[in-house]
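Novice: When you get a sec, could you give me coordinates for this:
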Amino acid sequence: MIGGVTTVDPTIQLTMQVESDPLQYVRRRQRVATPFLGMKTGSTQISGATYFGTVVDYIGGERPWTVEYDGGYKYDCTEQDLIQAILMYREKEERDNKPYIIAPERKNILHRSA
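Specialist: Below is the predicted model:
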């Protein structure tokens, strides 16, 4: 409680939303962000980049959501992966160079991802 107002942890709030309607992120074409954890090329360590993508499918099972990253790579993620990627997107959204996407049900109208 802060100043008499109860606050809800964003992770808990997202967990409740995900569990109540797991398909909502596919329908909304939710944008997400994940960190590039790094790789070593020769003696140079490369890290610190952020990858942006869109939730494109829900298939159920252990890794139910499919995220397609802007570079074309697809990744099936868990609920925890999805929650962390949405939270990171909220922090890094201003760096996303593709925040507008075409909603599948209305191909001629651009929607800002939520």
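Novice: Just give the strands next to the lengthiest strand in the chain in its sheet, each with its orientation.
Specialist: Using DSSP state E, we find that the single longest strand of the chain is strand 50-58. With DSSP bridges as the test, strand 50-58 is paired with strand 31-35 (antiparallel), strand 65-69 (antiparallel).
Novice: could those go into CSV alongside mean pLDDT, mean neighbour count and distance to Glu91?
Specialist: C-beta: built from backbone N, CA, C; applies to glycine. Output for the strands paired with strand 50-58, formatted as CSV (pLDDT from 0 to 100; neighbours: other C-beta atoms under 10 Å; distance: least, C-beta to C-beta, whole Å):
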stretch, mean pLDDT, mean neighbour count, distance to Glu91
strand 31-35, 91, 22, 8
strand 65-69, 93, 19, 17
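Novice: between these, which gets nearest to Lys92?
Specialist: strand 31-35 (4.7 Å; C-beta to C-beta).
Novice: Nothing else from me, thank you.
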